[in-house]
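J.: Compute the structure for the input listed below.
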Amino acid sequence: MIISRTPFRVSFIGGGSDLKEYYSNNGYGAVISTAIEKYMYIAIHPYFQNKIRLKYSVTEDVGSVNDIKHPIIKECIRRVNIDRGIEIASFADIPSGTGLGSSSSFTVGLLNALYIHCGVIKTNVELAKEACEIEIDILKEPIGKQDQYATAIGGFNHIKFHQDEEVETLSLNISKSFIKKFASTLRLYYIGSNRSASSILTQQKQNMSKNNKVKIMKKMVRLTEDFKNALFNEDLKSAGALLNHNWELKKQMASNISNDKINVMYNEALKCGAMGGKLLGAGGTGFLLIMAHNHKLIEKKLNCRFLDVNLDSIGSKIIYNN
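T.: Just a heads-up that it's a prediction; the model follows:
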């Protein structure tokens, strides 16, 4: 049996600039994000029946790879040239569709486990690149590249997406004591439900041809430098203000990124002392990231499930190989 563990991610600034429709026409895109200690687990085991058995939200038991319904699993198995005799199961700390990059975490973790099953060792950067090829180039998902690299590599990073398709991952070398202090101000509030990001991201992609939307995205890309500098200067107040500014800009990128419920919750958090925040993922639902020195009043006011944020520094990893 082989088990991979791949972190989810929290994106702070610049989300959307990792779409090809932006970075291929505007120099480069950039985001600041971190992997967190919430994980996707993929388990692989030989299947006695010489078929393929898959266990995720449903169970599939098929004769060959061509019969698989799950598109990501089908393409990952095709990539490593396995046709049958394998059983795959997935487990996650948090449901999919909640804005934490779970789809790419799944793809990266599955590739990692499959390659080890085949006796092949890939670097985490190679896993991220291949996950992008499968999700974006083959399956034509309307997504960007940040999730694949954030979840594969782990850590707290400034990631840049260049016109030549190269991805530059720059680790933020901030003191461990300040990173711990920064993380202690963060909390994820669960709005409820989940959603597919496709419709929102499709609208964002279409908007990349509009000059006013491109100007907004350029501002968000520039904010990554300001946010990075605020962290280097250990200035939590400025970091919170920049997070808030980024959220106000992001809401202008598509009509369905936010809604009345999200706006009310976010404004209530600000009234209770939050420094800043944003909705994670493409928009609509999922987790609301709030940055505050004290969350007690915010917890009471929002009255919903929440998660603390602890940073992962490892990325995708094989945690069991027998």
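
J.: how does the protein divide up, domain by domain?
T.: What the record gives for the chain is the domain set 2-173+312-321, 176-308, from automatic domain parsing.

J.: can you put those domains in a markdown table and add mean pLDDT and mean neighbour count?
T.: For the C-beta atoms, the positions are set from N, CA and C on the backbone; glycine is no exception. Below are those laid out as a markdown table (pLDDT from 0 to 100; neighbours: other Cβ atoms under 10 Å):
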| stretch | mean pLDDT | mean neighbour count |
| --- | --- | --- |
| domain 2-173+312-321 | 96 | 20 |
| domain 176-308 | 89 | 18 |
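
J.: Now do the contacts for the most centrally placed residue in the chain.
T.: The residue lying closest to the centre of the chain (Cα atoms, centre = their mean) is G101, at 2.7 Å. By Cβ atoms under 8 Å, 6 or more residues apart in numbering, G101 lies in contact with F8, R9, S11, Q146, D147, A150, T151, G281.

J.: Leaving out sequence neighbours, find the closest residue to it.
T.: D147 (3.6 Å; Cβ to Cβ, 6 or more residues apart in numbering).

J.: hang on, isn't the one you found packed against S105?
T.: Yes: the pair D147 / S105 is scored as a contact, 7.3 Å apart, by Cβ atoms under 8 Å.

J.: So for those two, which residues contact both of them?
T.: Common neighbours of D147 and S105 (Cβ under 8 Å, 6+ apart) are R9.

J.: thinking again about what came up before, wasn't the residue nearest to G101 part of a strand?
T.: No: under DSSP: H, G, I helix; E, B strand; the rest coil, D147 sits outside any strand and is assigned helix.

J.: how far away is it from S102?
T.: Separation of D147 from S102 (Cβ to Cβ, to the nearest Å): 9 Å.

J.: Check I318 too.
T.: Taken as Cβ to Cβ, the span from I318 to S102 is 19 Å.
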